[in-house]
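[1] generate a structure from the sequence data that follows.
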Amino acid sequence: MKIRFPRAVLRETLAMSFDSVRGHKFRSFLTVLGIVIGVLTAIVIASLLTGMRQSIIAIIEEYGTNNIYAFHLSTGPRTNVDRAERLRKPLTVADAEAIREHAPAVEDIAWVAPNVGYSGGPFDDNITYKGHNYRWGNTSGVSANYANITNVAVREGRFISEMDDQQRANVVVIGVNAADALFPGQNTNIAGTQVRMGGYNFEIIGVLEKRKAGFFGENEEDNAVFIPFRTAQKVAPARGWMMIVIRGRSGQLNEALEQS
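    Next up is the predicted model:
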């Protein structure tokens, strides 16, 4: 059974409500303001989370949705590392080649010597050229197939070749931020230039295309400095760490992860 209120009661209730609002204008204003701020905050946070999610998805798609990144240590910020993890041996090229040979779900594998110019290390990866310098690069030694596996695009010149790696050539491929810092206002004719890095002469053989995906328009690869893997071992032999990038066959990512 529905309870029906007389229209007079409803009108009286509304009138009392409006009288209360008019009689306490400041309190009513604060109440409305609180509601508005709460709604706007919820909308802003939801929009930021949606944008971050889309950026993460775009980055993953751009680098390759079938890629697995393997390192001998767990990544991410932590307060301590247990002894068992500290005793793990770094990955080697032999490990990568064994995975490629014995894992049928793996299409290809690239290897990376990360952070060749790490702080306090023997190799200073500050790049200098005619009074300009670039010290913000994340210098890595990579195998020749790294560009293909991670979908790296070259704007000018070429990427590192197998011959560059075999000969331990002093060649370098730089990201757009390094190019802008070393060659301000110059967008072409950068490849072929000789620069100085870590006490060695290096030839720039390529400039990377800016990645479309990234947080707030920035992507880690825009700061990248790539040299051949064996060149990295030559200039920073004490580093010794290696990461491998495993590309699974289409539709077999889980199988590639299990077999690796």
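
[2] name the nearest residue to Tyr200, sequence neighbours excluded.
    Asn170 (5.4 Å; Cβ to Cβ, 6 or more residues apart in numbering). Where C-beta positions appear, they are placed from N, C-alpha and C, glycine not excepted.

[3] would you confirm that that neighbour contacts Ile204?
    No. With contact defined as Cβ atoms under 8 Å, Asn170 does not reach Ile204; the gap is 10.7 Å.

[4] these two - which one has more neighbours?
    Ile204 (24 against 19; other Cβ atoms under 10 Å).

[5] list the strands paired with the host helix or strand of that one, with their directions.
    Using DSSP states H and E, Ile204 sits in strand 200-208. Strand 200-208 has the following strand partners under DSSP bridges: strand 154-157 (antiparallel), strand 171-174 (parallel), strand 194-197 (antiparallel).

[6] winner for burial among these?
    strand 171-174 (a mean of 26; mean count of other Cβ atoms under 10 Å).

[7] can I get it as CSV, trimmed to CA atoms?
    Output in CSV follows, covering the C-alpha atoms of strand 171-174 (Å, rounded to 0.1, in the frame of the first residue of the first chain):
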residue,chain,number,x,y,z
VAL,A,171,79.1,3.8,-33.3
VAL,A,172,76.1,5.3,-31.5
VAL,A,173,72.3,5.8,-32.2
ILE,A,174,70.8,8.6,-30.2
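
[8] right, and the strands paired with strand 200-208 - which one's nearest Asp164?
    strand 171-174 (5.3 Å; Cβ to Cβ).

[9] what sits up against that closest one?
    Applying Cβ atoms under 8 Å, 6 or more residues apart in numbering, the external contacts of strand 171-174 come out as 127, 134, 137, 154, 157, 159-160, 164, 182, 195, 197, 202-208, 224-228, 231.
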